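Enquirer: could you work out the structure for the sequence below:
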Amino acid sequence: MSELTLNNGVTIPQLGFGVFQVPPEDTQRTVEDALAAGYRHIDTAAAYQNEEGVGAAIAATGIAREDIFITTKLRNGEQGRAQEAFQNSRKALGLDYVDLYLIHWPVPSQGLYVQAWKEMERLYENKEIRAIGVSNFLSEHLDTLLESAEIVPAVNQIELHPSYQQAELAGKCRSLGIEVEAYSPLGQGADLNGNAVTSIANVHNATTAQVVLAWHLAAGNIVIPKSVDPGRIRENFAASSLTLSDDELSAISALESGARLGSDPAVASFTQL
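Expert: Numbering: from 1, shown residues only. Purely as a prediction, here's the structure:
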């Protein structure tokens, strides 16, 4: 599995496993299946209410802690108490430290994400987090954060898939040394049905999901597909061994339509509590 080196020297597996919308009662089994398939990067969040299941899976497998990369995220409604929120997540996971901690959304209407970042910087300095970053931050949110940040975010996790590539934002992140992490990497399934993806999959005797994930990996994105089906989990992981030609990559990139599926970070204000 290929790894990327973050701006502080920490390495992160490029292909991870997401647990968004995995029910708490299914999380341990699902994460154990992912770890058995070869994943060593698990992405969760306090808002998903399944951190305990992720932690239980890590404990059950016996895989060395240093061999698993764990990401979790700060709830929107807890930006004013980031240190307390982090400790609650760490305890729920049953871990001594977290590899990557993200501000889940900027929620600009609250005006608290800079304050939250300052608290996260202290947690990083105390070595309770190996890397800190953000999620759903648009260009203007990054600009505001960087005006007073002592630490440049290691990652910006954003909605990114063939039909919604956010190329300008991704390019800005990379120019600042911020790695781009793609959530909803398959466009919630909508990006798997086009003729371009289907024809490429047929050529490689691959699934359409494997083709789109291989496109992400070739672009340098960190990517976190989700599934609760053991067979699909293994299939998605196998995308790491699929190599697409330049023409095939270009054909997938041409699917850009500017169609966002999730909430607009410029105005999103839900608390996640």
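
Enquirer: which other helices and strands does the host helix or strand of Leu145 contact?
Expert: Taking DSSP states H and E as the criterion, Leu145 maps to helix 139-148. In this structure, helix 139-148 makes packing contacts with helix 113-125, strand 129-135, helix 167-175, judged by 3 or more C-beta pairs under 8 Å, 6 or more residues apart in numbering; DSSP states H and E. (Glycine included, C-beta is placed from N, CA and C.)

Enquirer: quick one: mean pLDDT over the second one.
Expert: Here strand 129-135 scores 99 as its mean pLDDT.

Enquirer: okay, the nearest residue to Ser163 once chain neighbours are set aside and Gly187: tell me how far apart.
Expert: Leaving out its chain neighbours, the residue that sits closest to Ser163 by C-beta to C-beta, 6 or more residues apart in numbering is Ser257, at 4.6 Å. Distance, Ser257 to Gly187, by C-beta to C-beta, to the nearest Å: 10 Å.

Enquirer: what do the two both touch?
Expert: Common contact partners of Ser257 and Gly187 (C-beta atoms under 8 Å, 6 or more residues apart in numbering): Ser163, Tyr164.

Enquirer: neighbouring contacts of the helix holding Leu145?
Expert: With C-beta under 8 Å, 6+ apart as the test, helix 139-148 has contacts from 106, 108, 113-114, 117-118, 134, 137, 152-153, 156, 168-169, 172-173, 176, 178, 265-266.

Enquirer: so what touches the helix or strand just after it?
Expert: Sequence-wise, the next helix or strand downstream of helix 139-148 (DSSP H and E) is strand 155-159. The contact list for strand 155-159, computed with C-beta under 8 Å, 6+ apart, reads 6, 12, 43, 100, 102, 131, 133-137, 142, 166, 169-170, 173, 178-184, 222, 224, 260-262.

Enquirer: are any of those buried, and which?
Expert: 6, 12, 43, 100, 102, 131, 133-137, 142, 166, 169-170, 173, 178-184, 222, 224 (16 or more other C-beta atoms under 10 Å).

Enquirer: Ser257 and Gly187 - which one has more neighbours?
Expert: The neighbour count for Ser257 versus Gly187, taken as other C-beta atoms under 10 Å, is higher for Gly187 (21 against 11).

Enquirer: next up, the contacts around the more buried one.
Expert: By C-beta under 8 Å, 6+ apart, Gly187 lies in contact with His161, Pro162, Ser163, Tyr164, Val212, Leu261.

Enquirer: repeat for Glu121
Expert: With contact taken as C-beta under 8 Å, 6+ apart, Glu121 is in contact with Ile132, Ala149, Glu150, Ile151.

Enquirer: repeat the analysis, applying 6 Å as the threshold.
Expert: Contact partners of Glu121, counting by C-beta atoms under 6 Å, 6 or more residues apart in numbering, are Glu150, Ile151.

Enquirer: repeat for Val98
Expert: Ile70, Thr72, Arg90, Ile129.
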